[in-house]
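# all I have is the shape, not the residue letters:
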Ligand SMILES: [Mg+2]
Ligand SMILES: [Zn+2]
């Protein structure tokens, strides 16, 4: 089993543009490539966990979502090991949508991840609750919505992505 870093997508890896359905809108946040390179070198699997209710809302299709995912993967040079997304609406009552830990738990089973040595990085309360419920350490990054997010569910708080590297190097 290997440790993993679970990563929120919008507002954590790329600019949150509210329902991104166009690959042209993929805009990496500063320091993302460096962060992922360091985490990979330290032996972490990198797994994206993202809510994409824009699909359920009819704003974009699964195929358009997949095109965005492919563009993000391309810009990240293939650093991402796996991506899990929930296409449902908040009131669909699905099992997967964050803050449910379901996508993390599924990823852990499928990717042979040791949750006790893993982290979840995100900018919203739902990321922190998801990580907590899955039994991983949570890092709130104060990019995206993170400036306004309540920190009580966060094990650690970082102002930016370089700050996340420091936390993981210290706590791992
Ligand atoms: Mg986010
Ligand atoms: Zn879902």
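Arrived safely. In this text the structure is predicted, and so the values were computed from the model without any measurement. Ligands and ions are numbered 1, 2, ... in the order given.

# need phi/psi at residue 71.
phi -70, psi -40 (degrees, to the nearest 10).

# thought it was touching residue 26?
Yes - if you go by C-beta atoms under 8 Å, residue 71 and residue 26 touch, sitting 4.6 Å apart. Every residue, glycine included, has its C-beta placed from N, CA and C.

# neighbour-wise, which of the two wins?
residue 26 (22 against 17; other C-beta atoms under 10 Å).

# report the contact partners of the more buried one.
14, 20, 68, 71-72, 75 (C-beta atoms under 8 Å, 6 or more residues apart in numbering).

# from these, which land in strands?
Judged by DSSP state E, the contacts of residue 26 include no members of strands.

# Serialize the residues you listed to JSON lines and add fields for pLDDT and distance to residue 164.
Putting the contacts of residue 26 into JSON lines (pLDDT from 0 to 100; distance: C-beta to C-beta, whole Å) gives the following:
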{"residue": "14", "pLDDT": "96", "distance to residue 164": "15"}
{"residue": "20", "pLDDT": "95", "distance to residue 164": "22"}
{"residue": "68", "pLDDT": "98", "distance to residue 164": "23"}
{"residue": "71", "pLDDT": "98", "distance to residue 164": "23"}
{"residue": "72", "pLDDT": "98", "distance to residue 164": "18"}
{"residue": "75", "pLDDT": "97", "distance to residue 164": "18"}
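
# packing partners of the worst-scoring helix or strand of the chain on mean pLDDT?
One helix or strand of the chain scores below all others by mean pLDDT, DSSP states H and E: helix 161-171, with a mean of 91. The contact analysis (3 or more C-beta pairs under 8 Å, 6 or more residues apart in numbering; DSSP states H and E) places helix 161-171 against helix 32-41, strand 137-141, strand 156-158.

# that one to strand 137-141, inter-axis angle?
Here helix 161-171 points in a direction 160 degrees away from that of strand 137-141 (axes from the mean of the first three to the mean of the last three C-alpha atoms, to 10 degrees).

# off-centre distance for the strand ranked longest in the chain?
As assigned by DSSP E, the longest strand anywhere in the chain is strand 45-51. Relative to its chain's centre, strand 45-51 lies at 4 Å (C-alpha atoms, centre = their mean, to the nearest Å).
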